[in-house]
Structure formats: structure tokens, C-alpha cells
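Colleague: Provide a 3D model corresponding to the input given below.
(2 chains)
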There are 2 protein chains.
Amino acid sequence: MTPEEMLEVAVAEARKGLAEGGIPIGAALFSADGTLLGSGHNKRVQDDDPSVHGETDAFRNAGRQRDYRSTIMVTTLSPCWYCSGLVRQFNIGAVVIGESRTFTGGHDWLAEHGVGITLLDDERCVTMMEEFITARPELWNEDIGVS
Amino acid sequence: MTPEEMLEVAVAEARKGLAEGGIPIGAALFSADGTLLGSGHNKRVQDDDPSVHGETDAFRNAGRQRDYRSTIMVTTLSPCWYCSGLVRQFNIGAVVIGESRTFTGGHDWLAEHGVGITLLDDERCVTMMEEFITARPELWNEDIGVS
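Modeller: Numbering: from 1, shown residues only, chains lettered A, B, ... in the order given. Here you go, the predicted model:
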């Protein structure tokens, strides 16, 4: 499975979140052989829960795994520090990122600590976030802890 | 409210988690004036959910806050990278830690980034974790991503 194919799952999750009135960030966790372990999207608005980012929702939905070293996290947006910390703590081996133009989190830090990073710079992801940030700046700032 | 008083809330949460058959780590988020915003504990076992650490549960239970800079996160154990990333992303101003003898996460990194760190080295917290790690090493390793 290519990074681009994995990104499709995350993009579909982000679009689902947008359709629900939420923040359009989606993610998915795959095993090394391309098996989808779990996918999810940001649910701050939908569940009124600030702890559910795209990556943490995908991680949750993948259930309890005993070893994450060969897994791949794909996300539509560069992972924030919260989600980067998740990747580092659980030794997730690789992260595929849709884009980091609208927001750059901790992916360089993850690369320094041995995580394989693939940055796709996907135009659809950029446009989706640009439109969302323009439409709902206060909600976006809330989600990344900007006062 | 003193750091020791705030820690009592986290210790009570950790003990609740232990009584439920879970991993004994508790946390709470306080406002600057000592108001309890939310508390929680690790629920990996109880909810079969790997995303619920003590700190993320307390953060969730505090609900959506617009500004975390003056809030204080208290936790029975040094925050792992996942929970340290949460603190950094949301600009939580201070972290009070029960102990870091049985596990050291990212609290030095948080201090470097301006987070106020108070390490209490509480004997009850140390004993609770030592007994748990001895009794359930596989569960503990699962919770911190050690294969």
C-alpha cells in the first residue's frame, strides 16, 4: 500500500468530520502489511471532547496493540505536540502526513527520534484546512491551544 | 491550594483506578485559584482503551477550555511523552508530579519549554507504582509502549 493510498483513508475521515460540523482532520493506523487497524477524526465539536484529535481517535479505534514499531500512522495534517507525543511514546514506526503548510507540529522532532516521516504536501488537504481556518478561526485556535 | 493538596485528588483517582483493576495513575486539572476543573485516571483496562492515560482523562473531564496557560495539571507519575505533548500543545502552565522514580517521561523537556514543574517525590505514589509494576509488568510495559 502506498502512502498516497493510506492518505485516502485519512482524507475520508477528515471529510466525515467536516460533514459532521467538526474540525476536518483525519487519521488512520495501518500495520506494516497495509492492514487498516483503526481510523478516526477530530471530535472536539461532535463529542464536545478536547482530547479527541484525529490521531488519538485512530489510535483508540485500533484498540490495544502490543507493539507499534512496525505500524504506520497516516494523518491529513502535521501532528501537533499531543499527537507527536503519542507517536513517540508508543514507538509508532512511521508517520505519513498530508500537509504541513497550514500547521507544523512535531514531525521534525519525531524524525530526530527515528520515526520515518513522509510528507506528501497534498493539495486537497491544504485547501480543506485553509477553508476551515478561514471559516472558523476561533475553533481552530481552540484546537491547537492558541489563546 | 498547595501542590500537596492538589496531589491528593490525583492519588484518590489512582487508587480508584487500582480498585477497578486498572493501572494506578491519576491526574487532575486545576485552575489558578485552585478550582478543580476535572480529574481522571488511566482506563486502559477498564475501557479497553489505550488512549486514556491519567492526564488525558483529566483533560477530557475538564471539558473544553479556552485558555490553559494558568491551569495546573497534577499527576501521580511523571507524564509520558503522550501526556507531555498534551501539556505543551495546550500551553498548560504548570505540572505537579507525584513521583518520577519508577518512570521518567518528558517533564524536563516541558521545563525547557517554560512549563513550571514541581516534583514532590511522594512515597505513596512510588510504592503504589512499584507494587503495580511488580505485579503486572506486562500491563505496565503495554501502557508505555515497551515491547
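
Colleague: Tell me the residues of chain A that contact chain B?
Modeller: A:44, A:48-51, A:56-57, A:59-60, A:63-69, A:80-86, A:88-91, A:105-106, A:142, A:144-145, A:147 (CB under 8 Å from any CB of the partner chain). To be clear about C-beta, it is placed using only N, CA and C from the backbone, and glycine gets the same treatment.

Colleague: Could you tell me which of these count as buried?
Modeller: Burial by neighbour count, 16 or more other CB atoms under 10 Å in any protein chain shown: within these this picks out A:44, A:49-51, A:56-57, A:59-60, A:65, A:68, A:80-86, A:88-91, A:105-106, A:142, A:144-145.

Colleague: how about the closest residue in space to A:Arg64 that isn't next to it in sequence, secondary structure?
Modeller: Leaving out its chain neighbours, the residue that sits closest to A:Arg64 by CB to CB, 6 or more residues apart in numbering or on different chains is B:Pro50, at 5.1 Å. Judged by DSSP: H, G, I helix; E, B strand; the rest coil, the three-state class of B:Pro50 is coil.

Colleague: wait, B:Pro50 sits on A:Gly63?
Modeller: Yes. Under the criterion of CB atoms under 8 Å, B:Pro50 makes contact with A:Gly63 at 7.3 Å.

Colleague: Can you give the distance from stretch A:29-44 to the centre of its chain?
Modeller: 9 Å (CA atoms, centre = their mean, to the nearest Å).

Colleague: Now do it, average pLDDT.
Modeller: Average pLDDT, stretch A:29-44: 98.

Colleague: now the end-to-end length of it.
Modeller: The first and final residues of stretch A:29-44 sit 20 Å from each other (CA to CA, to the nearest Å).

Colleague: Same check on stretch A:88-96?
Modeller: Length of stretch A:88-96, first residue to last, CA to CA: 14 Å.

Colleague: any weak-confidence spans in chain A?
Modeller: For chain A, no stretch has pLDDT under 70.

Colleague: need the contact list for the residue in it positioned nearest to chain B.
Modeller: Proximity to chain B, evaluated over chain A using CB to the nearest CB, is greatest for A:Gly85 at 2.3 Å. Taking CB atoms under 8 Å, 6 or more residues apart in numbering or on different chains, we find A:Gly85 in contact with A:106, B:80-86, B:88, B:106.

Colleague: Likewise for A:Thr102?
Modeller: A:77, A:126, A:129-130, A:133 are the contacts of A:Thr102 under CB under 8 Å, 6+ apart.

Colleague: That one sits in which helix or strand?
Modeller: For A:Thr102, there is no enclosing helix or strand under DSSP states H and E.

Colleague: before we move on, what about A:Met128?
Modeller: According to DSSP H and E, A:Met128 maps onto helix A:123-135.
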